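>>> attaching a predicted model along with its sequence, questions to come.
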Amino acid sequence: MTIQTSDVLGHFGQYGGRFVPEALIGALDELEAAHNAAKTDPVFQAELAELHRTYTGRPSIITEAKRFSEHAGGARILLKREDLNHTGSHKINNVLGQALLTKKMGKKRIIAETGAGQHGVAAATAAALMGLECVVYMGEEDTRRQALNVARMKLLGAEVVPVTSGSRTLKDAINEAMRDWVTNVATTHYMLGTVAGPHPFPTMVRDFHKTIGEEAREQVLALTGKLPDAVLACVGGGSNAIGIFHAFIPDAGVRLIGLEAGGDGIETGRHSATISGGSPGVLHGARSYIMQNSDGQTVESHSISAGLDYPSVGPEHAYLHDIGRTEYRAVNDDAAMAAFSLLCRTEGIIPAIETAHALAGALVIGNELGPDATLLINLSGRGDKDVQTAADYFGIPL
Amino acid sequence: MSTALDVVFEKVRAENRAALIAYIPAGFPSKLGCEKAIKALAEAGVDAIEIGYPYSDPIMDGPTIQEAAEISLKGGTNAADVFSALKVASDMGVASVVMTYWNPIEKYGVNEFAQSIADNGGSGVITPDLTIEESGRWLDAVGKSGINPIYVVAPSTSDARLTQVTSKTGGFVYAASVMGVTGARTNVSVDASALVARVKKTTALPVSVGLGVSTREQAKQVAAYADGVIVGSAFIKLLLNAKSEQEGLDAISALAKELALGVREGR
């Protein structure tokens, strides 16, 4: 199987590309050039690696989840602990890379969108570390659902702008960030938080996250002497999934399985499972799978996890899906919350609710593959931010 | 073959003035209200009308057009309404084009969309988020249907890229006056005249300026150097703020008459 890693125009098969106002082309070209230069610049790479060693806490460890595994058909379960990174998720990998690029481009201001607030917190962190002005756009609905993260961003010195247009969630925050960028592009870098958006974002953000899979591949080989049978990750925009999948793409024997947010169930229409339940279209600057009606208008997504609540997905996932290299399944809210609770009680790890979708997938896939199988799961984030949501869900009075 | 839009620009060139181009979203303020607004604008002397296809995620639009699009979508506006609005305008004898984000075209069917524009008397389509790199199928379709592919350029567009974009453009080049989204502005930036001059070095096509124009004085200033003056948010604001639909229609008619004077005073 020949697998392309995007052409010069940022296409993954028929997906990706650039569907943006002409006003942004210059900035996207500038960013692409900066990213390409950084890839082969030993000084940039050393600076980023040092930051990851001394600030992020890389490499992140892997943890064998022996008690959890008893509920997953006895399959060996290995967790890649991105939750132990500074700021509590994989998001820091991308923001440190983009913040360094921002400085290289001579820009002093960054803007970011956020849904659950994890990327917003990571962006505000990177901005504080590097002395950049930071404005985070967040749907008004999400600022209420994730008040703690709003406070974190403010403590870190960022301005948080509640977005009141459209559905007042992540997709509208991206729209508003794009409008800001069109207006202030000369001075501002848009620090997009996932592997979506116009070229070069899907490629660049993947490159900043692929260290997850590179580390994990070595760690699993060292521990077990062989490659895992399957690698699992939750998929909203798809950044943590592409990050852990990428190093395994050439390993044909390793199944790569993305778990999307099934919400109330795909059949109800109230979900965020873009690949499982959507269709090809263009949103936020790229062609991918999107959730849309018969007129091509975006349909609102739903998930208990604000971080997966997004009606599109990275174009590389769309391509890998179509060529059959990756698989995607939907996990409903209830199954995700059951897996969330199980990991808390069997391993003493409170995962992010996003991540709990991958854990729920592991319970099913472990049973399918049996006790001889090894599953590697990207534990993409920790659940501190989700305590309120989980307490409400499980009826724990606060 | 010339479109009605091409004919409009020949006419205004002969009259040594700029064309007045008005924007209104289909289905706004209501389906019937939109028809009435198109008629009012045509009767007040606009030369061409852009029918906006309301879209759920309008990243190039400011709050005014966002609000209008939301109202229109809540009223159930779809492609059929866009085409029927287009037909109202062309039946009134003004040149008509559609302005739409890309995804509704792709979902409708690229060839079918272009042909429906032509079938309803439309002259072309403005595609603000379609880059020339992604335009292969679209340019084939507009070529077959004989309509104008109208691209938007910005002050940040390099000279080299202007040449590439205008070489694919038909009808007119849409010059965004400022770096930013749609919406009335007190000052139409000096960037606009510089951009028009740069565009004209790359093409013989007419160049129209949009983003920010709302008054007769601004129309006059822009008409001094551009072939067309595009006004959108100013009309929509009047319709949004009116106490009744009729009051709104009267207000846009009065503004259109003022602007029609402005585009004749620039040279």
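Everything's here; your move.

>>> please make it C-alpha for all contacts and neighbour counts, starting now.
OK.

>>> for the stretch 101-250 of chain A, which residues are neighbours of chain B?
A:165-166, A:172, A:175-176, A:178-180, A:182-184 (CA under 8 Å from any CA of the partner chain).

>>> make CSV from those residues and add neighbour count, distance to B:I71 and secondary structure to it.
Shown next, in CSV, are these (neighbours: other CA atoms under 10 Å in any protein chain shown; distance: CA to CA, whole Å; DSSP: H, G, I helix; E, B strand; the rest coil):
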residue, neighbour count, distance to B:I71, secondary structure
A:S165, 19, 12, coil
A:G166, 18, 11, coil
A:D172, 26, 17, helix
A:N175, 22, 18, helix
A:E176, 29, 19, helix
A:M178, 28, 22, helix
A:R179, 21, 20, helix
A:D180, 21, 23, helix
A:V182, 27, 24, helix
A:T183, 18, 25, helix
A:N184, 16, 28, helix
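
>>> widest-spaced pair of those?
A:G166 and A:N184 (22.2 Å; CA to CA).

>>> for the helix or strand encompassing B:E50, give me every contacting residue.
In this structure, B:E50 sits in strand B:48-52 according to DSSP states H and E. For strand B:48-52, contacts defined as CA atoms under 8 Å, 6 or more residues apart in numbering or on different chains pick out B:5, B:8, B:19-26, B:38, B:42, B:82, B:85-86, B:89, B:94-100.

>>> kindly tell me how buried A:L308 is, as a neighbour count.
For A:L308, the count of nearby residues is 31 (other CA atoms under 10 Å in any protein chain shown).

>>> for chain B, see how far away it is.
Here A:L308 is placed at a distance of 19 Å from chain B (CA to the nearest CA, to the nearest Å).

>>> give me the nearest residue to that residue, chain neighbours excluded.
Closest residue to A:L308 apart from its sequence neighbours, by CA to CA, 6 or more residues apart in numbering or on different chains: A:G236 at 4.1 Å.

>>> so the one you found makes contact with A:S276?
No - A:G236 is not in contact with A:S276 according to CA atoms under 8 Å; the separation is 11.8 Å.

>>> common neighbours of these two, please.
Residues touching both A:G236 and A:S276 (CA under 8 Å, 6+ apart): A:E260.

>>> all strands of the stretch 151-267 of chain B, in order?
Using DSSP state E, counting those that start in this stretch, the strands of the stretch 151-267 of chain B run over B:152-153, B:173-176, B:207-210, B:228-231.

>>> which stretch among the ones you listed comes nearest chain A?
Relative to chain A, the nearest member of the strands of the stretch 151-267 of chain B by CA to the nearest CA is strand B:152-153, separated by 5.6 Å.

>>> neighbouring strands for the closest one, and are they parallel or not?
Applying DSSP bridges, strand B:152-153 is found paired with strand B:173-176 (parallel).

>>> please point out which parts of the partner strand sit buried.
B:173-176 (16 or more other CA atoms under 10 Å in any protein chain shown).

>>> so what touches that strand?
Strand B:173-176 has contacts (CA under 8 Å, 6+ apart) with B:150-155, B:166, B:192, B:195-196, B:205-211.

>>> switch to 6 Å and redo it
Residues from elsewhere that reach strand B:173-176 (CA atoms under 6 Å, 6 or more residues apart in numbering or on different chains): B:152-154, B:207-211.

>>> thinking again about what came up before, quick one: the strand holding B:E50 to chain centroid distance?
Computed by CA atoms, centre = their mean, to the nearest Å, the chain-centroid distance of strand B:48-52 equals 5 Å.

>>> let's see that strand as PDB, backbone CA atoms only.
The C-alpha coordinates for strand B:48-52 follow below in PDB (Å, rounded to 0.1, in the frame of the first residue of the first chain):
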ATOM      1  CA  ALA B  48     -26.200  44.600 -10.300                       C
ATOM      2  CA  ILE B  49     -27.300  42.500  -7.300                       C
ATOM      3  CA  GLU B  50     -25.300  39.900  -5.400                       C
ATOM      4  CA  ILE B  51     -27.600  37.300  -3.900                       C
ATOM      5  CA  GLY B  52     -25.900  35.800  -0.800                       C
END
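
>>> per-residue confidence averaged over that strand?
Strand B:48-52 shows a mean pLDDT of 98.

>>> and if you look at stretch A:307-316?
95.

>>> buried residues in that stretch?
A:307-316.

>>> just checking, B:A18 touches B:D227?
Yes - the criterion here is CA atoms under 6 Å, and B:A18 meets it with B:D227 at 4.6 Å.

>>> out of the two, which sits in the busier spot?
Per other CA under 10 Å, whichever of B:A18 and B:D227 has more neighbours is B:A18, with 32 against 24.

>>> please report how far A:G193 lies from A:L9.
For A:G193, the distance to A:L9 equals 20 Å [CA to CA, to the nearest Å].

>>> the nearest residue to A:M204 once chain neighbours are set aside: what secondary structure?
The shortest distance from A:M204 to any non-neighbouring residue, by CA to CA, 6+ apart, is to A:H35 (6.8 Å). Under the three-state scheme (DSSP: H, G, I helix; E, B strand; the rest coil), A:H35 adopts helix.

>>> and the pLDDT at A:H35?
Listed pLDDT for A:H35 reads 97.

>>> go on, B:N187?
pLDDT recorded at B:N187 is 67.

>>> coming back round to it: could you dump the strands of the stretch 151-267 of chain B to a markdown table with mean pLDDT and distance to A:Q118?
What follows is the strands of the stretch 151-267 of chain B, written out as a markdown table (pLDDT from 0 to 100; distance: least, CA to CA, whole Å):
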| stretch | mean pLDDT | distance to A:Q118 |
| --- | --- | --- |
| strand B:152-153 | 96 | 35 |
| strand B:173-176 | 96 | 35 |
| strand B:207-210 | 96 | 38 |
| strand B:228-231 | 97 | 41 |
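
>>> that concludes my questions; thank you for your assistance.
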